[in-house]
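> structure for the following, please:
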Amino acid sequence: MIWRALADVVMVVHGALLLFFVVGSFLAWRWPKLIWYHLAIVVWNVVIVLVDFGCPVTATEKFFRRQGGESVYAGGYIHHYLEGHLWPEGQTPWAERIGFALVLIGYAGFFVVQHRRKAKVRGESVGPRT
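Numbering: from 1, shown residues only. Next up, the predicted model:
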C-alpha cells in the first residue's frame, strides 16, 4: 500500500514540476528568486528532450508501482498522462515547442520587469512621459 502511495506522490510531484516548467518564468516576475529554480528545471527538460534519455522521476514512479504490485505503463509520463488528454495524440512535439516558447516569453518578460524595477530604484523613467 505504501508503495502505491509513494508512486502517486511521485506522479503528482512530476506533474507539478512540469507545470512549474511552463509557468515558472511568469511566477518569477513577482518572485524573482524563483528564476534560478526555474532555470534548473528548464535545463533539465532541455537535456531530456535533446538527449532523449528516460526521466529519473518517471523511473522512480514506475519503480514504486512495481514494488506495489501494479503494472507500469509503457513510455514516459507525458505520453501516459498528458498526450491524448491535454492535447491530441501524436502532438507532443508541438506541445513541447509551445512549452518552450512560453518559457522564452516568460524570460523576456522577466528581464523587462527586472529592468524596470532597477530603473525605478535608480529614479529613472521607465515608461512614456505624461
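
> what helices or strands is the top helix by length along the chain leaning on?
Counting by DSSP state H, the longest helix found in the chain is helix 92-122. With contacts taken as 3 or more CB pairs under 8 Å, 6 or more residues apart in numbering; DSSP states H and E, helix 92-122 sits against helix 2-30, helix 34-51. Every residue, glycine included, has its C-beta placed from N, CA and C.

> which is the next helix or strand following the last one?
Next in sequence after helix 34-51, counting helices and strands by DSSP states H and E, comes helix 56-67.

> that following helix: how far from the chain's middle?
With CA atoms, centre = their mean, to the nearest Å as the basis, the distance from the averaged C-alpha position of helix 56-67 to the chain average is 19 Å.

> what is the mean pLDDT for that helix?
Mean pLDDT, computed over helix 56-67, is 95.

> just stretch 3-13 next, same as before
Per-region confidence: stretch 3-13 scores 96 on mean pLDDT.

> buried stuff in it?
Going by neighbour count (16 or more other CB atoms under 10 Å), the buried part of stretch 3-13 is 6-7, 10-11.

> let me have those in CSV, adding distance to Leu102 as columns.
Rendered in CSV, the data for those read as follows (distance: CB to CB, whole Å):
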residue, distance to Leu102
Leu6, 31
Ala7, 29
Val10, 24
Met11, 23
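
> that concludes my questions; thank you for your assistance.
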